[in-house]
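Novice: Please work out how this folds:
(chains A, B, C and D)
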Protein chains: 2
Amino acid sequence: MASRQNKRSAGEISAVAGALDLVDRKILSVLRQDGRLSTNDLSARVGLSPSPCWTRVKKLEASGAIDGYIALINHEAVGLPMTVFAEVTLDRHDDKVLAEFSEALLKIPEVVEAFLVSGDYDYLIKVAVAGTGHYERFLREKLYKIKGIRHSKTTFSLRAIKHSACVDPLLVVG
Amino acid sequence: MASRQNKRSAGEISAVAGALDLVDRKILSVLRQDGRLSTNDLSARVGLSPSPCWTRVKKLEASGAIDGYIALINHEAVGLPMTVFAEVTLDRHDDKVLAEFSEALLKIPEVVEAFLVSGDYDYLIKVAVAGTGHYERFLREKLYKIKGIRHSKTTFSLRAIKHSACVDPLLVVG
DNA sequence: GATGAAAACTTTATAAG
DNA sequence: CTTATAAAGTTTTCATC
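Specialist: All right, here's what the predicted structure looks like:
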């Protein structure tokens, strides 16, 4: 196997099945904003005919560059207009504690996003709630029911300035 | 008009066009995970026949409970696998400064989310980058090019535990 | 609400330039 | 890549129970 030369070298950053060209990125950029465009409309927007456009979309789905299609739900409409960030610090940091804490977060519906982070605290959690009363109950009845929390600090969002689900794939880093 | 009794009282939390029943919430909950289900498949999942199911979806779209449909883009596939949070504090906090800062953030593609918050800092910003080098350039060439920043603090995400775009509408708050 | 039907459009696949 | 074709499925509207 020593003589085999692959197209991609060991350290190269690459997605599941090869790099994306500009047309792929345009397709992703458009679908990122409207996931229900028909092949015809999409192809017109990216400057390609429908047939190869469709093939590319299927490839992007298969390679995992498109992770899925979702409906965006208005949080006010479902009665959860408030966004709160909780910085959580755990007592201990071994694998078992982290795994159990992570699993517990997955089961709490108020928790919309959760990140294990490096810094002054361990987890940054984004929470959707109806109001301060609901958040207080969330802390008492759900978050602090999980064992292992040393402390938490809350930051309330006053206003969402920008709220995209994903980055625009037209951003290419030199 | 004093004698008119509306169904909704003044302080009641309510969405654009009336409350959602359980079937509506089920529809939203399913579409939140698969925004491209056909009316037939969706209606089977929520226990309704296709025709009224379709009517409900259109109503949810028109009322704004469904804010749109999008494709989820894999950040690794587009070369931006790293998520970073920046806590930004501004020099001053008058309306003009906040408005200009907010507008500037909207134009930076690395900024995926941005919230004006109450607490130790003013803005919590979620950033998608290729790596630490890219983040450093983002800070120097983009974030700190915006006037009015007193300081910023960075928190690196080590791992995304939960990553939903929206809350599950089946969560109903008592 | 359920069922059924019809027109327009979309998806998917395939063939030829 | 483009254009073109065609079957199967989906959306949308509308009528009836």
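
Novice: and the residue of chain A found nearest DNA strand D, how many neighbours?
Specialist: Going by Cβ to the nearest atom of the strand, DNA strand D is nearest to A:Pro52 of chain A, at 2.0 Å. All C-beta spots, glycine's among them, are computed from the backbone N, C-alpha and C. Neighbour count of A:Pro52, defined by other Cβ atoms under 10 Å in any protein chain shown: 11.

Novice: Quick check: what element follows the helix or strand encompassing it along the chain?
Specialist: Here A:Pro52, judged by DSSP states H and E, is contained in helix A:50-63. Toward the C-terminus, helix A:50-63 is succeeded by strand A:66-73 as the next helix or strand (DSSP H and E).

Novice: and that following strand, is it in reach of DNA strand C?
Specialist: No - Strand A:66-73 stays clear of DNA strand C (Cβ under 7 Å from any atom of the strand), getting no nearer than 10.3 Å.

Novice: which residues sit against that strand?
Specialist: Residues outside strand A:66-73 that contact it (Cβ atoms under 8 Å, 6 or more residues apart in numbering or on different chains): A:28, A:31, A:35-36, A:57, A:60, A:165, B:28, B:31-36, B:65-74, B:165-167, B:169.

Novice: Show me where chain A dips below the pLDDT cut-off.
Specialist: A:1-17 (pLDDT under 70).

Novice: mind listing the strands for it?
Specialist: Shown for chain A, the strands assigned by DSSP state E span residues A:66-73, A:82-90, A:111-118, A:123-129, A:149-163.

Novice: Single out the most deeply packed of those.
Specialist: Most buried of those, by mean neighbour count (mean count of other Cβ atoms under 10 Å in any protein chain shown): strand A:123-129, with a mean of 24.

Novice: Can I get that one in CSV? Just the C-alpha atoms.
Specialist: Listed next in CSV are the C-alpha coordinates belonging to strand A:123-129 (Å, rounded to 0.1, in the frame of the first residue of the first chain):
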residue,chain,number,x,y,z
TYR,A,123,-21.6,23.7,29.4
LEU,A,124,-23.3,26.5,27.5
ILE,A,125,-27.0,25.8,27.2
LYS,A,126,-29.6,27.7,25.2
VAL,A,127,-33.1,27.3,26.7
ALA,A,128,-36.5,28.3,25.3
VAL,A,129,-39.1,29.3,28.0
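
Novice: Give me the helices and strands touching it, please.
Specialist: If you count contacts as 3 or more Cβ pairs under 8 Å, 6 or more residues apart in numbering or on different chains; DSSP states H and E, strand A:123-129 packs onto strand A:82-90, helix A:95-107, strand A:111-118, strand B:149-163.

Novice: Do the longest one and chain A come into contact?
Specialist: Pointing back at strand B:149-163 there. Yes - legend: contact between strand B:149-163 and chain A by Cβ under 8 Å from any Cβ of the partner chain is shown at B:154-163.

Novice: which pair in the residues you listed spans the largest distance?
Specialist: B:Thr154 and B:Lys162 (21.4 Å; Cβ to Cβ).

Novice: tell me how far stretch A:84-104 is from the chain's mean position?
Specialist: For stretch A:84-104, the separation from the chain centroid amounts to 19 Å (computed by Cα atoms, centre = their mean, to the nearest Å).

Novice: what does that stretch rub up against?
Specialist: Outside stretch A:84-104, the residues that reach it (Cβ under 8 Å, 6+ apart) are A:114, A:116, A:120-127, A:129, A:135, A:139, A:143, A:146-157, B:115, B:117, B:124, B:161.

Novice: end-to-end on it?
Specialist: This stretch, stretch A:84-104, spans 18 Å end to end (Cα to Cα, to the nearest Å).

Novice: about what we covered before: nearest to B:Leu20 among the strands of chain A would be which one?
Specialist: It's strand A:66-73; of the strands of chain A, that one is closest to B:Leu20 (Cβ to Cβ) at 10.4 Å.

Novice: got the angle between the closest one and helix B:50-63?
Specialist: For strand A:66-73 against helix B:50-63, the angle by axes from the mean of the first three to the mean of the last three Cα atoms, to 10 degrees is 80 degrees.

Novice: Please consider this matter closed, and thank you.
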